[in-house]
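Chemist: Show me the folded form of this:
(2 chains)
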Amino acid sequence: MLVQLAQAGPVIPTFQRGSTCERENRHFCWDWFSSHWSNTFVPRLVEHIELVAIAVGIGFVIAMACALIAYRWKWFDGPATGVFAFFYTIPSLAFFQLMVPFTGLTRLSAEIALISYTLLILFRNIVTGLHEVPPDALEAAQAMGLTRNQTLWRVELPLALPAIMAGIRIATVTTISLATIAAFIGVGGLGQPIFNAIQTGFKTQFIAAGVLAVLLAFVADALLVLVQRLLTPWARARVG
Amino acid sequence: MGKGTGRLMHSIIDAFQFIGDNLHFMLTKTVEHLELSFAAIGVAIVIAIPLGVALGHLHKGSFVAINASNMGRALPSLAVISIGIGFLGIGFINVMVALVILAVPPMLTNAYVAVDGVDPDAVEAARAAGMKPSQVLWTVEIPLAVGLMFAGIRTGAVYVVATATLAALAGGGGLGDVIVNQATYGTPGVLAGALMVTALAFLVEGVFAVIQRLLTPKALRHEEGPVDVLLAPAIEGT
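Modeler: The predicted structure is shown next:
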């Protein structure tokens, strides 16, 4: 239905009031973009970052708790991976809609789906990171008389940090991508201008919102690489 | 919670009922979905594999080839489709181009890593036996690399099948049409579409896994066959 609307021809938001560029629906109208930057794009960008930060933050807490349980009690690994993999395979357009009967057209619906998608990535990376801690390091910790908890906090988690950070990085860029789709249930974010553009056919809005989402993903990815390097100076030294 | 679970169970039963009642329609949508997916997978293979193999053979461009997959993973799929609509308009071509852009990176990286990582002793032995570079490529490097190469194609293919759902938003058709139009098809329709897409993704994953296994030289067949070098989640960005 949406698509038919778009195919019926562009409905430029500003009707006859816009510039020539807008009325002719050229690829990119700078004047429209700059005049809508602060009231359309900045709020959507902030919403998008909020959606992603909350999802990755809560997802990380849940995944870390489950990973620590699975690390100590091995039987937990299989069922947890199974449940998280199940969430992961649900097509996102459907997941967001299927939450609506339960939690409505709210941010909560979007967050539940977004958090669910981060769990598999984060859980698998944390568990892998913990399992790859060299046995020598564990033996040394034991020989120094560290308790199990001390070993976890001072040896195992720091050594697993590169894998954990890699997981956070993948989870973040994945969530940035999925959060654009969350706008389908009207929760804002950079997907909102995209869905609006689908209804109006206004090219500038398609390109502006798309490019902003791509830039957000790349900037977040680069920042997380930087954080990873700062947190694990030893890994950098080893790789050379 | 019990009530919610009960409702969900009912919806799933309704979804299967929906598929049964609208079998012809669902199959038409599935065929559309597969046409779009395979067109994109085909084009992506033609672009990514020769490039990855060439770079791997020459042991050049590792930075580009390896970072391609990181860049590709960061690309938000809906954003790529959106930019595509801006330039190419609504329809099949735009969505296909977007899917190709999303599928190329994992294929390229795997093809590069596969050929680049072929045992140098084997390559040297082939050279010592008097093989020309092209013979080394076709009779030693590619056969040894083909398993890992296919792991990348598999990742890309599953990603495309899952992401093709978004095509519905841009007039590309496919099973996404059913998922997007809750107003018309109701919750059972949304669930039915989702179930079909998921089943399709698993099916494609399975088919490519079998092809991968058949193409891997016997000596290199392990229990599970070569696993994708990327930590790339199979169905991200659906």
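
Chemist: Next one: residue A:137 from chain B, what distance?
Modeler: Noted for residue A:137: a distance of 23 Å to chain B, by Cβ to the nearest Cβ, to the nearest Å. (Each C-beta comes from the backbone N, C-alpha and C, glycine too.)

Chemist: Enumerate every residue touching the nearest residue to that residue once chain neighbours are set aside.
Modeler: Of all residues not flanking residue A:137 in the chain, residue A:155 sits nearest, at 5.6 Å (Cβ to Cβ, 6 or more residues apart in numbering or on different chains). For residue A:155, the contact set (Cβ atoms under 8 Å, 6 or more residues apart in numbering or on different chains) comprises A:133, A:137-138, A:141, A:146.

Chemist: what about burial for these, which qualify?
Modeler: Buried members of those, scored by 16 or more other Cβ atoms under 10 Å in any protein chain shown, are A:133, A:141, A:146.

Chemist: where along the chain do the helices fall?
Modeler: All of this is about chain A. Secondary structure of chain A (DSSP state H): helices at A:2-7, A:20-23, A:30-36, A:42-72, A:77-89, A:92-103, A:107-131, A:135-143, A:148-151, A:157-182, A:191-200, A:203-231, A:233-239.

Chemist: was after chain B, sorry
Modeler: B:2-21, B:23-58, B:62-74, B:77-88, B:92-116, B:120-128, B:133-135, B:142-163, B:176-180, B:182-215.

Chemist: Residue A:213 is nearest to which of those?
Modeler: Nearest to residue A:213, of all the helices of chain B, is helix B:77-88, at 3.6 Å by Cβ to Cβ.

Chemist: Name the spans of chain B whose pLDDT lies under the cut-off.
Modeler: Across chain B, the ranges flagged by pLDDT under 70 are B:1-5, B:219-238.

Chemist: what do you get if the cut-off is 50, keeping everything else the same?
Modeler: Along chain B, the parts satisfying pLDDT under 50 run over B:1, B:223-238.

Chemist: hmm, back to that, ok, so what distance separates the residue nearest to residue A:137 from chain B?
Modeler: Applying Cβ to the nearest Cβ to residue A:155 and chain B gives a distance of 24 Å.

Chemist: Tell me the one among the buried ones among the contacts of residue A:155 nearest to residue B:52.
Modeler: Using Cβ to Cβ, the buried ones among the contacts of residue A:155 come closest to residue B:52 at residue A:133, 33.2 Å.

Chemist: Show the contacting residues for the residue positioned nearest the centre of chain B.
Modeler: Nearest to the mean C-alpha position of chain B, counting by Cα atoms, centre = their mean, stands residue B:157 at 1.6 Å. Counting by Cβ under 8 Å, 6+ apart, residue B:157 makes contact with B:37, B:41, B:103, B:204-205, B:208.

Chemist: do residue B:14 as well
Modeler: Residue B:14 neighbours (Cβ under 8 Å, 6+ apart): B:187-188, B:191.

Chemist: And for the nearest residue to residue A:107 once chain neighbours are set aside, the neighbour number?
Modeler: In space, and not counting its chain neighbours, residue A:107 is closest to residue A:187: 5.1 Å by Cβ to Cβ, 6+ apart. Residue A:187 has 22 neighbours, counted by other Cβ atoms under 10 Å in any protein chain shown.

Chemist: same deal with residue A:205?
Modeler: Residue A:205, neighbours per other Cβ under 10 Å, totals 28.

Chemist: for the one 3 residues further on, same thing?
Modeler: Applying the criterion other Cβ under 10 Å, we find 27 residues in the vicinity of residue A:208.

Chemist: again with the one 5 residues further on
Modeler: For residue A:213, the count of nearby residues is 30 (other Cβ under 10 Å).

Chemist: One more: residue A:71?
Modeler: By other Cβ under 10 Å, the residues close to residue A:71 number 19.

Chemist: Read off the pLDDT value for the closest residue to it other than its chain neighbours.
Modeler: Nearest residue to residue A:71 in three dimensions, chain neighbours excluded: residue A:130, at 4.9 Å (Cβ to Cβ, 6+ apart). Residue A:130 carries a pLDDT value of 93.

Chemist: And residue A:190, by the same measure?
Modeler: 91.

Chemist: That one and residue B:128, how far apart?
Modeler: Look at residue A:190 and residue B:128: by Cβ to Cβ, to the nearest Å, they are 57 Å apart.

Chemist: neighbour count winner among these two?
Modeler: Legend: neighbour count by other Cβ under 10 Å for residue A:190 and residue B:128, higher for residue A:190 (31 against 8).

Chemist: Surely the more buried one touches residue A:49?
Modeler: No: counting by Cβ atoms under 8 Å, residue A:190 does not reach residue A:49; the two are 9.5 Å apart.

Chemist: what is in contact with these two at once?
Modeler: Between them, residue A:190 and residue A:49 share the contacting residues residue A:216, judged by Cβ under 8 Å, 6+ apart.

Chemist: Enumerate every residue touching the spatially most central residue of chain A.
Modeler: Closest residue to the average C-alpha location of chain A: residue A:175 at 1.8 Å, with Cα atoms, centre = their mean. Residues near residue A:175 by Cβ under 8 Å, 6+ apart: A:51-52, A:55-56, A:59, A:114, A:117-118.

Chemist: per-residue pLDDT, it?
Modeler: Model confidence at residue A:175, given as pLDDT, is 95.

Chemist: and if you look at residue A:230?
Modeler: On the pLDDT scale, residue A:230 is placed at 89.

Chemist: Based on its surroundings, how many neighbours for it?
Modeler: Using other Cβ under 10 Å, residue A:230 has 9 other residues around it.

Chemist: Could you tell me the phi and psi values at residue B:181?
Modeler: Main-chain torsions, residue B:181, degrees, to the nearest 10: phi -90, psi 60.

Chemist: Tell me the spacing between it and residue B:75.
Modeler: For residue B:181 relative to residue B:75 (Cβ to Cβ), the value is 27 Å.

Chemist: Pick out whichever of these two has more residues nearby.
Modeler: The residue with more neighbours, out of residue B:181 and residue B:75, is residue B:75; 21 against 16, by other Cβ under 10 Å.

Chemist: which residues touch that one?
Modeler: Counting by Cβ under 8 Å, 6+ apart, residue B:75 touches A:177, A:214, A:217, B:101-102.

Chemist: Quick check: of the residues you listed, which has the highest neighbour count?
Modeler: Ranking those using other Cβ under 10 Å puts residue A:177 first, with 30 neighbours.

Chemist: what's the burial count for the nearest residue to that residue once chain neighbours are set aside?
Modeler: Leaving aside its sequence neighbours, residue A:177 sits nearest to residue B:76 (Cβ to Cβ, 6+ apart; 3.7 Å). Neighbourhood size, residue B:76 [other Cβ under 10 Å]: 29.

Chemist: residue contacts, residue A:192?
Modeler: Applying Cβ under 8 Å, 6+ apart to residue A:192 gives the contacts A:44, A:47, A:183, A:186, A:209.

Chemist: Among these, which pair sits farthest apart?
Modeler: Maximum pairwise distance among these (Cβ to Cβ): 15.3 Å, between A:186 and A:209.

Chemist: more neighbours, those two?
Modeler: Ranked by neighbour count (other Cβ under 10 Å), residue A:186 and residue A:209 place residue A:209 first, with 31 against 16.

Chemist: wait, doesn't the more buried one sit right on residue A:190?
Modeler: Yes: using Cβ under 8 Å, residue A:209 is in contact with residue A:190, at 5.4 Å.
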